[in-house]
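In: sequence plus predicted model, see below.
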Number of protein chains: 2
Amino acid sequence: MTYCLGITTSSGLIMAADSRTNAGVDKVSTFQKLFDFSVPGERAIVLCTSGSLSLSQGVLTLIRRDIKQQVETNLYSCPTLYHVASYMGSLIRKMHQQEGQWLKKDGVAFSCRFIVGGQILGEEPELYLIYNEGNFIHATQETPYFQIGETKYGKPILDRTVQYQTPLETAAKCALLSIDATIKSNLSVGPPILLVMYETDSFEIKYHLKLSGEDPYLIDLSSRWQNALKEASEQMPDIPWRYSLKATEDSQPNTD
Amino acid sequence: MTYCLGITTSSGLIMAADSRTNAGVDKVSTFQKLFDFSVPGERAIVLCTSGSLSLSQGVLTLIRRDIKQQVETNLYSCPTLYHVASYMGSLIRKMHQQEGQWLKKDGVAFSCRFIVGGQILGEEPELYLIYNEGNFIHATQETPYFQIGETKYGKPILDRTVQYQTPLETAAKCALLSIDATIKSNLSVGPPILLVMYETDSFEIKYHLKLSGEDPYLIDLSSRWQNALKEASEQMPDIPWRYSLKATEDSQPNTD
């Protein structure tokens, strides 16, 4: 499995990914899922992938080939992030035409999603989610984050802490905590964690981080968070117990 | 959907459930999913259900019928919680024989799980998870909680805060927070929340609670928790950013 997320805030973007892939519990590997295709000074573009590794690697190979061969539409020529998302959707559709029927023969679902974030000179920063089918949506102030892969474990913390106005550095910490929560609760998501922070109008990814499972910062963060949750849960107000069976009276069988 | 959980601790048991059922987004209803079948002074037995409502209601009807008709093996005659779990497994299997083939015809999965917790005079308190197939497991000190239904959103908080030694009242708060997190992140789980706390050797469910979505305590709890998480996330140690592209250097295409 995989867990990646992207957050858009008023001062920039956060993108993060785990690095574990697995096919069954005895076929666990590490593969990078976050890729920086920026051209500093002109365009910042970061991709995160989920789904079948063969498909996302296929799309990445096509992206690199198109850049190398200077095909008319490539990641470096797209004038806006919208064009980037549309171009990536077309590559997913290409993979579908090429691989889809063979996967279907063995009952394997075609699964290949991307989160794309960045900013191109003359444009605002944007964050896109590109579906298996090649269609896509962009994040807004009301819905400032996207997740792909094993998304549920890490969603509550985002829902509680992240908004469009959240300071960028805090959003980055929340992204790490969201991935750490997922790693703790699900074996199919694992380190290293890749994290990037993009400041609006910098047109360059200046802030990178790669955290192994043994990284002292990650261990410290995880343990501080656990302590904070424990303390907070103990300090929640006392439960107003009602000393009667009323709440569950429907369950009393008629034993007449 | 549904979200129920049970926690076993050194001083007793916690069981909790939401009350929302849905078949699509335009068929949302409220049904009780936590039931107290205790006989005070002799046996405390609480059930939580998930899966198809028709199946769990069917099992509950069989339980009540067997009690009423004083069938040899019924919930009031079982000498241990193990026997209760085994009896309930047999009722699930009965439902499977009766309904399974008809559900299968329409491609509907047979889904009916229970968490059963309690204590019978002369025995220790126990917590069981009973699967669709009628087989079952019991919780231990190493794995002190069970969840059924929409389990992922509420798991990280349990993994961070709940252990066998956790004080009973704190475990109850964590159960509420786990359900509240799920409600906040997933529309298919909703109030009222039913919660019971069982103190070891009391042989009676003395502590009950039913919280509507508008209950001032639930609103207060939820907002305090949100504030605690926000504050904690802001107070996490500063991220040790590395100002290089090293972390993602694999992604740089060869543009020679």
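Out: Structure received. Only a predicted model underlies this, so the values are computations on that prediction, with no experimental measurement involved. Numbers count the residues shown, from 1 in each chain, chains lettered A, B, ... in the order given.
In: my guess is residue A:50 meets residue A:149, correct?
Out: Yes. Counting by CB atoms under 8 Å, residue A:50 does reach residue A:149; the two are 3.9 Å apart. (Each C-beta comes from the backbone N, C-alpha and C, glycine too.)
In: shared neighbours, the two?
Out: A:2, A:3, A:4, A:113 (CB atoms under 8 Å, 6 or more residues apart in numbering or on different chains).
In: tell me what the helix or strand bottoming out on mean pLDDT in chain A is packed against?
Out: When the helices and strands of chain A are compared on mean pLDDT, DSSP states H and E, strand A:20-22 comes out lowest with a mean of 87. Applying 3 or more CB pairs under 8 Å, 6 or more residues apart in numbering or on different chains; DSSP states H and E, one finds that strand A:20-22 contacts strand A:28-30.
In: quickly run through the sheet partners of the next helix or strand after the strand it packs on, with directions.
Out: Per DSSP states H and E, the first helix or strand lying C-terminal to strand A:28-30 is strand A:34-36. Strand A:34-36 pairs in its sheet with strand A:43-51 (antiparallel), by DSSP bridges.
In: quick one: average confidence on whichever helix or strand comes after the partner strand?
Out: Downstream of strand A:43-51, the first helix or strand assigned by DSSP H and E is helix A:53-68. For helix A:53-68, the mean pLDDT works out to 96.
In: now the very next helix or strand once past helix A:53-68, how far from the centre of its chain.
Out: Per DSSP H and E, the first helix or strand lying C-terminal to helix A:53-68 is helix A:81-105. Counting by CA atoms, centre = their mean, to the nearest Å, helix A:81-105 is centred 19 Å from the centre of its parent chain.
In: residue A:188: what's it in contact with?
Out: Applying CB under 8 Å, 6+ apart, the residues contacting residue A:188 are A:1, A:20, A:22, A:150.
In: over to residue A:44?
Out: Taking CB under 8 Å, 6+ apart, we find residue A:44 in contact with A:38, A:118, A:119, A:120, A:125, A:198, A:202, A:203, A:204, A:205.
In: what about the nearest residue to residue A:25 once chain neighbours are set aside, how many residues nearby?
Out: Counting by CB to CB, 6 or more residues apart in numbering or on different chains, residue A:187 is the residue found nearest to residue A:25 once chain neighbours are left out, at 7.4 Å. Residue A:187: 12 surrounding residues under other CB atoms under 10 Å in any protein chain shown.
In: how close does residue A:187 sit to residue A:31?
Out: The gap separating residue A:187 from residue A:31 is 16 Å, by CB to CB, to the nearest Å.
In: hmm, the strand or helix carrying residue A:174 touching chain B?
Out: Element membership for residue A:174 (DSSP H and E) is helix A:168-185. Yes. Against chain B, helix A:168-185 shows contacts by CB under 8 Å from any CB of the partner chain at A:169, A:170, A:172, A:173, A:174, A:176, A:177, A:181, A:182, A:184, A:185.
In: distance to residue A:224 added to these, as a markdown table?
Out: Shown next, in a markdown table, are the residues of helix A:168-185 next to chain B (distance: CB to CB, whole Å):
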| residue | distance to residue A:224 |
| --- | --- |
| A:169 | 16 |
| A:170 | 14 |
| A:172 | 15 |
| A:173 | 10 |
| A:174 | 14 |
| A:176 | 12 |
| A:177 | 10 |
| A:181 | 13 |
| A:182 | 18 |
| A:184 | 14 |
| A:185 | 18 |
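In: what pairs with residue A:146 across the strands?
Out: Assessed by DSSP bridges, residue A:146 has beta-bridge partners residue A:6.
In: brain fart, residue A:128
Out: Listed by DSSP bridges, the beta-bridge partners for residue A:128 are residue A:116, residue A:138.
In: now do the contacts for it.
Out: By CB under 8 Å, 6+ apart, the contact list for residue A:128 reads A:81-82, A:84-85, A:114-117, A:136-139, A:146.
In: picking that back up, buried subset of the contacts of residue A:188?
Out: Buried members of those, scored by 16 or more other CB atoms under 10 Å in any protein chain shown, are A:20, A:22, A:150.
In: now residue A:52: phi and psi?
Out: Dihedral pair for residue A:52: phi -60, psi 130, per degrees, to the nearest 10.
In: against chain B, how distant is residue A:103?
Out: According to CB to the nearest CB, to the nearest Å, residue A:103 and chain B sit 22 Å apart.
In: residues near that residue, how many?
Out: Residues near residue A:103, counting by other CB under 10 Å, number 16.
In: for it, give me its contacts.
Out: Residues counted as contacts of residue A:103 (CB under 8 Å, 6+ apart) are A:52, A:109, A:110.
In: what's the ChimeraX syntax to select whichever of those are buried?
Out: To isolate the buried members of these in ChimeraX, using 16+ other CB under 10 Å:
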select /A:52,110
